[in-house]
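Chemist: Below are the sequence and a predicted model; questions follow.
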Amino acid sequence: MERGRSMKIEWKTSKKLKPEVILERLDGIKTVTAEGNVSFSSFDYHDAVAALQTMINYPEDIAWMTREIFLSKAISEAAKNGALNRDNVISELNILLQGKLEQKERIYYILTSISITPSTLLNKVINIGACKIKIIEGGYPKKFNSRNTLVTELKNRRFDNRIEPNPSGYSNVIISIKSKSVDWAASDCLKALNILRAVWSLSFNFSMEFIGDEWSPINKIRLGGVHTVHNEDGSLVFDTFWYEPNFVSASPIKLSSSSVEKLKYCSNFLGLIEKSRYSNAIKSALLRYVRALDERDQNSALIRLWGAMEELLSPNGANYDLVIKRCAFLFKEHEYHRQLLEHLREYRNTSVHAGELNEKVKILCFQLQFYFYHLIAFHLSNVGFFDNLDQANEFLDSSLDVNILKKRKKMIVKAIKFITPIKEK
């Protein structure tokens with residue numbers, strides 16, 4: 001991901017949010033010693049900082065851990081230089097951000113696992129953006145033994161025992177990247193792996209399930225419970241880890257010779273995504289799709305999957321009518337699919353507003369996955385035709401009346417002739 005010096009941290013523009021009120025409170029409880037040490041004399045500090053975090057727009061790929069460090073430092077530095085106010089706090093935050101942007105790039109590795117049985121079919125490096133993803137058959141190379149040490153320590157701590165660092169039968173994954181920052185490295189690598197997983201899921205997920213566990217996620221290809229970040233020499237960057245809060249162990253998929261065509265198909269999908277002129281929008285929708293179907297709660301999965309549809313069909317705001325109209329246009333049996341989409345919209349709205357839960361909602365998730373697949377296929381089959389997502393949606397807004405389209409075609413041809421200069425003989 002390209003990150004330029006133009007990146008900024010800003011206050012959110014909502015008139016209801018008034019950070020100056022919170023900062024005035026902090027200013028009243030601060031103490032600055034002659035040596036320049038800053039402290040705050042009340043428990044209000046923690047409530048105030050938590051409130052301020054929600055009032056700030058950070059570049060989305062700055063991790064929460066970094067945001068907390070940044071804001072704490074910015075408040076402390078601003079407090080040394082006078083009264084705390086909106087301008088000096090945001091100025092200090094951007095100084096910290098620019099310092100981050102000016103750091104030299106380093107090589108980082110992210111180690112995790114994925115619910116595919118180790119196979120020679122996967123023995124290659126997969127490039128997504130700046131990330132190199134390698135799925136390996138055996139254990140991690142010896143230089144990454146620090147991960148094994150950390151995992152052993154996790155078992156001895158009071159850690160959530162539902163989260164398995166190394167689930168049985170999973171393949172190990174190593175993702176490498178050059179990055180200026182460890183949190184950007186982790187963010188980019190996990191996004192890349194999830195995009196790969198999303199494309200695979202479109203091929204390997206079941207299209208429907210009539211008998212099964214209602215609380216089992218739809219995604220067959222899921223991540224292991226723990227992700228660790230390592231320096232180039234294999235040592236841990238820090239003695240902690242990222243983990244999957246919704247982790248549910250999956251039965252690993254066994255790849256066979258019949259899987260070769262699926263993997264080729266997925267590889268073609270990845271290539272087309274990179275060629276798209278609005279690849280970021282497609283990637284964003286894929287990330288929302290794969291995260292949605294990791295959910296055990298199928299009601300939540302449906303709502304999040306609908307959001308993935310909106311990402312492409314109504315990017316400028318949640319317009320349910322546009323989502324349905326544009327998606328139904330993809331099918332010859334337009335009215336039939338429109339009614340199915342209306343039924344999914346109706347359940348989605350009912351579940352949100354009334355808190356209702358249908359025990360058969362998993363079937364609805366499969367139905368919505370069907371429409372998401374065809375939506376992605378439409379965009380990738382038209383790579384090179386549309387200049388941007390707005391053009392693609394303008395096409396999906398076309399009339400269903402062939403006579404109207406023919407009339408418009410005549411008008412466009414006439415307009416072209418009208419404005420084209422006449423060549424002299």
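Modeler: Received it, and whenever you're ready, just let me know what you need. Numbering: from 1, shown residues only.

Chemist: Could you list the low-confidence segments of the chain?
Modeler: 1-6, 155, 158-162, 210-213, 351-359, 424-425 (pLDDT under 70).

Chemist: Identify the structural domains in the chain and state their residue ranges.
Modeler: 10-101, 104-275, 277-425 (automatic domain parsing).

Chemist: Helices of the stretch 151-300 of the chain, residue ranges please.
Modeler: 182-204, 259-275, 279-292, 298-313 (DSSP state H, counting those that start in this stretch).

Chemist: possible to save the ones you listed as CSV with mean neighbour count and distance to Val248?
Modeler: Just so you know, the C-beta spots here come from the backbone N, C-alpha and C atoms, and that holds for glycine as well. Shown next, in CSV, are the helices of the stretch 151-300 of the chain (neighbours: other C-beta atoms under 10 Å; distance: least, C-beta to C-beta, whole Å):
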stretch, mean neighbour count, distance to Val248
helix 182-204, 22, 15
helix 259-275, 15, 23
helix 279-292, 21, 13
helix 298-313, 22, 12
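
Chemist: got the ones you listed as JSON lines, with distance to Ser119 columns?
Modeler: Shown next, in JSON lines, are the helices of the stretch 151-300 of the chain (distance: least, C-beta to C-beta, whole Å):
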{"stretch": "helix 182-204", "distance to Ser119": "13"}
{"stretch": "helix 259-275", "distance to Ser119": "8"}
{"stretch": "helix 279-292", "distance to Ser119": "21"}
{"stretch": "helix 298-313", "distance to Ser119": "28"}
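
Chemist: so who does Gly271 touch?
Modeler: Gly271 sits next to no residue when contact means C-beta atoms under 8 Å, 6 or more residues apart in numbering.

Chemist: now it: how far from Phe331?
Modeler: 26 Å (C-beta to C-beta, to the nearest Å).

Chemist: would you say Ala48 is within a helix?
Modeler: Yes - judged by DSSP: H, G, I helix; E, B strand; the rest coil, Ala48 forms part of a helix.

Chemist: what's the burial count for it?
Modeler: 22 (other C-beta atoms under 10 Å).

Chemist: wait, doesn't it sit right on Glu20?
Modeler: No - Ala48 is beyond contact range of Glu20, at 12.0 Å (criterion: C-beta atoms under 8 Å).

Chemist: any residues in contact with both of those two?
Modeler: Shared contacts of Ala48 and Glu20, counting by C-beta under 8 Å, 6+ apart, come down to nothing at all.

Chemist: Leaving aside the residues adjacent along the chain, what's closest to the most centrally placed residue in the chain?
Modeler: Central residue of the chain (C-alpha atoms, centre = their mean): Leu287, 4.1 Å from the mean position. Computed as C-beta to C-beta, 6 or more residues apart in numbering, the closest residue to Leu287 that is not its neighbour in sequence is Asn194, at 5.5 Å.

Chemist: Distance of the one you found relative to Asn280?
Modeler: 14 Å.

Chemist: Could you tell me how many residues sit around the nearest residue to Asn85 once chain neighbours are set aside?
Modeler: Using C-beta to C-beta, 6+ apart and skipping residues adjacent in sequence, the residue nearest Asn85 is Leu23, 5.9 Å away. Using other C-beta under 10 Å, Leu23 has 21 neighbouring residues.

Chemist: do Gln103 as well
Modeler: Around Gln103 there are 11 residues (other C-beta under 10 Å).

Chemist: same thing with Ile62?
Modeler: Neighbours of Ile62 (other C-beta under 10 Å): 18.

Chemist: So the residue nearest to Glu232 when sequence neighbours are not counted, which state does it fall into?
Modeler: Leaving aside its chain neighbours, Glu232 sits nearest to Ile107 (4.3 Å; criterion: C-beta to C-beta, 6+ apart). With three-state DSSP as the basis, Ile107 sits in strand.

Chemist: can you tell me which residues contact Ile107?
Modeler: Ser176, Ile177, Lys178, Asn231, Glu232.

Chemist: Tell me what the first one is bridged to.
Modeler: Spelled out, that is Ser176. With DSSP bridges as the criterion, Ser176 is bridged to Tyr109, Lys132.

Chemist: Now do it against Asp188, distance only.
Modeler: Counting by C-beta to C-beta, the gap from Ser176 to Asp188 is 11 Å.

Chemist: One more: the last one?
Modeler: Taking C-beta to C-beta as the measure, Glu232 falls 16 Å from Asp188.

Chemist: next one: the fourth one
Modeler: When distance is defined by C-beta to C-beta, Asn231 is 16 Å away from Asp188.

Chemist: Show me which residues of stretch 390-404 are buried.
Modeler: Ala392, Asn393, Leu396 (16 or more other C-beta atoms under 10 Å).

Chemist: same question but for stretch 341-352, I mixed them up
Modeler: Leu341, Leu344, Arg345, Tyr347, Arg348, Ser351.
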